[in-house]
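Chemist: A predicted structure for the sequence below; I have some questions about it.
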Amino acid sequence: MYGIVDCNSFYASCERAFRPELKGKPIVVLSNNDGCVIARSNETKVFDDIPMGAVAFQYKQKFKAYGIHVFSSNYSLYGDMSSRVMTIIEQYVDALEPYSIDEAFFRLHGKTEEEAMLIGKKIQKEILRQLGLPVSVGIAKSKALSKIANNIVKKFPEKTNHVYVIGTEEQRVKALQWTNISDVWGIGRRLSKQLEVMSIDKAYGYTLLSDELVRNRFSVVGLRLKHDLEGKPTIAAEKEGDKLTIMTTRSFPKALSDLKEIEERVATFANSCAEKLRKQKSECGGAYLFLRSNSYGKEYVKLSAMVHFGFETSSSITITKEVLLKLRDIFKEGYAYKKAGVVLISIKPANMHQTRLFADENPKHRLLMHTMDEMNEKLGKGKLKLANQDIKQTWKMRQEHLSPQYTTNINDIIKVNCR
DNA sequence: TCTGGGGTCCTAGGACCC
DNA sequence: TCTGGGGTCCTAGGACCC
């Protein structure tokens, strides 16, 4: 059987785990730069005029009026809590596949529905007890069905007691008849529109289409989904391992027009990508760079370019240099740029480095990067930088409501007052 | 002043090979 | 009337996910 554990309102729940007085209170968590709402506690969802993606500055009054507690996103906290969740689940299952920061699929071998239900309950209870995080568990014969079981839990938390198993054929059909087509995992906005035109509005209707039609209109992806929903597990576990692309992109708190300033940002993004690349012991053969103006403004420009290095490297120096050369190449004066990003491509394991006859990475860089990474590991992130980065660290994200790093920074550790 | 960030997979079409 | 057949590899773009 397949199962999925999904943390309820994950970011909001992480904040609340360390602020028990916020139990039952509405919470929102904002994106980088305090831009827009990316997580809402159930108490916030009750006010249905605060949608996901609500632009924070436009909703300021409403937050206040409703007594909503606002948090900037605190990724070191969420990341750490996430790995604790994974560690707990791992103890009760045969295989674990982390799917996102707040979700993981798992497998159970040779268990009856009743046994699976008990394991689900155990996982749910332990995560709540050890971490103070509420989760929903869905279990079924395939990944897509376990997602649907999970949706049922989210909709009926009390009735299901946070865990639901789609076991029998009868339960499967009932669940699919209940599920809106747009709520099916893998059916996004485009596809649900197409299906609605075909008057298919429930998941069940989708499974009644012929394989041939599904294959022709929605490709093998759509067909796999259909089989999965039929209870024939077809959607495989995602291959775990190295990332195929690595990116760092940011919006700027204020738009930038000056090339020098943008160069500094892009150099920092390239360097951050290179650090992630070395962390997974890989090399890349090129990079994609983009720069764009405010997409909400009148004059929208997007500049982008691909760089091929001609050899594989993980050196921050080389990657940054190549990306900056390209930036100067494509840069256009006279625009206010709001966002930029660097994406590393052609990623390969470093231990399979292909030497080149005419061009190759300077071998000295490897040792230098290794030393840099080790020092940054010991002394703290960003202690050692390239000179083309912002040495004095003048760039600050807007984070006006940031909570402490309770679990990852000793200075932020929670204080307990004993009377 | 103010609008997030990071991924995967598939397909069509072009360029190339013999 | 009318120009072979069978492939591979790469990339851009589109769909999806959280």
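Modeler: Happy to help now that I have it.
Chemist: Check whether residue A:257 really touches residue A:338, as I assumed.
Modeler: No. Applying Cβ atoms under 8 Å as the test, residue A:257 and residue A:338 come out as separate, 10.5 Å apart. (Each C-beta comes from the backbone N, C-alpha and C, glycine too.)
Chemist: higher neighbour count, these two?
Modeler: residue A:338 (20 against 12; other Cβ atoms under 10 Å).
Chemist: Now the more buried one. Its backbone dihedrals?
Modeler: phi -120, psi -20 (degrees, to the nearest 10).
Chemist: The nearest residue to it once chain neighbours are set aside: what's it in contact with?
Modeler: Spatial nearest neighbour of residue A:338, chain neighbours left out: residue A:294 (4.3 Å); criterion: Cβ to Cβ, 6 or more residues apart in numbering. The contact partners of residue A:294, by Cβ atoms under 8 Å, 6 or more residues apart in numbering, come to A:255, A:300, A:336, A:338.
Chemist: Compute the distance between residue A:294 and DNA strand B, please.
Modeler: Applying Cβ to the nearest atom of the strand, to the nearest Å, the value for residue A:294 to DNA strand B is 6 Å.
Chemist: Could you do residue A:418 as well?
Modeler: 39 Å.
Chemist: show me the contacts for that residue.
Modeler: Neighbours of residue A:418 in contact, by Cβ under 8 Å, 6+ apart: none.
Chemist: and it, what element?
Modeler: Per DSSP states H and E, residue A:418 falls between elements, in no helix or strand.
Chemist: List phi and psi for the residue nearest to residue A:338.
Modeler: Torsion angles, degrees, to the nearest 10, at residue A:294: phi -60, psi 120.
Chemist: Quick check: it vs residue A:282, distance?
Modeler: Between residue A:294 and residue A:282 the computed distance is 34 Å (Cβ to Cβ, to the nearest Å).
Chemist: now swap in residue A:80 and tell me
Modeler: On the measure of Cβ to Cβ, residue A:80 and residue A:282 end up 24 Å apart.
Chemist: Repeat that for residue A:272.
Modeler: Residue A:272 sits 15 Å away from residue A:282, going by Cβ to Cβ.
Chemist: Residue A:194 too?
Modeler: For residue A:194, the distance to residue A:282 - Cβ to Cβ - is 38 Å.
Chemist: just residue A:151 next, same as before
Modeler: Applying Cβ to Cβ, the value for residue A:151 to residue A:282 is 36 Å.
Chemist: for residue A:74, same thing?
Modeler: From residue A:74 over to residue A:282 (counting by Cβ to Cβ), the distance is 28 Å.
Chemist: same question, residue A:138
Modeler: 34 Å.
Chemist: Which of the residues in stretch A:377-388 are classified as buried?
Modeler: Of the residues in stretch A:377-388, A:385, A:386, A:388 count as buried by neighbour count, 16 or more other Cβ atoms under 10 Å.
Chemist: Could you tell me how many residues sit around residue A:411?
Modeler: The local packing of residue A:411 (other Cβ under 10 Å) involves 6 other residues.
Chemist: Where does it sit: helix, strand or coil?
Modeler: On the three-state scheme (DSSP: H, G, I helix; E, B strand; the rest coil), residue A:411 is labelled helix.
Chemist: what's the residue of chain A at minimum distance from DNA strand C sitting at in phi/psi?
Modeler: Using Cβ to the nearest atom of the strand, the single residue of chain A nearest to DNA strand C is residue A:188, 2.3 Å away. Note on residue A:188: backbone dihedrals following degrees, to the nearest 10 are phi -90, psi -160.
Chemist: can you check the one 4 residues further on too?
Modeler: Main-chain dihedrals, residue A:192, degrees, to the nearest 10: phi -70, psi -30.
Chemist: repeat for residue A:129
Modeler: Torsion angles, degrees, to the nearest 10, at residue A:129: phi -70, psi -50.
Chemist: Tell me the confidence at the residue nearest to residue A:338?
Modeler: pLDDT, residue A:294: 81.
Chemist: and the stretch 201-350 of chain A, which of its residues are near DNA strand B?
Modeler: A:219-221, A:238-239, A:243-251, A:253-255, A:276, A:294, A:296, A:338-339, A:341 (Cβ under 7 Å from any atom of the strand).
Chemist: Can you flag the buried ones in those?
Modeler: Buried among those by 16+ other Cβ under 10 Å: A:246, A:247, A:248, A:250, A:251, A:276, A:294, A:338, A:339, A:341.
Chemist: Can you name the two of those that sit furthest apart?
Modeler: A:276 and A:294 (27.2 Å; Cβ to Cβ).
Chemist: if we can go back for a sec, between residue A:80 and residue A:282, which is the more surrounded one?
Modeler: residue A:282 (21 against 16).
Chemist: and the closest residue to that one other than its chain neighbours, which of the three is it?
Modeler: Using Cβ to Cβ, 6+ apart and skipping residues adjacent in sequence, the residue nearest residue A:282 is residue A:347, 5.0 Å away. Under the three-state scheme (three-state DSSP), residue A:347 adopts strand.
Chemist: surely residue A:347 meets residue A:277?
Modeler: Yes. Using Cβ under 8 Å, residue A:347 is in contact with residue A:277, at 7.0 Å.
Chemist: which residues do those two both contact?
Modeler: By Cβ under 8 Å, 6+ apart, the residues touching both residue A:347 and residue A:277 are A:246, A:283, A:284.
Chemist: Can you flag which of these belong to strands?
Modeler: Of the shared contacts of residue A:347 and residue A:277, the ones assigned to strands by DSSP state E are A:246, A:283, A:284.
Chemist: The nearest residue to the second one once chain neighbours are set aside: which element?
Modeler: If you skip the residues right next to it in sequence, residue A:283 has residue A:312 as its closest partner in space, 3.9 Å away by Cβ to Cβ, 6+ apart. Secondary-structure element containing residue A:312, defined by DSSP H and E: strand A:302-313.
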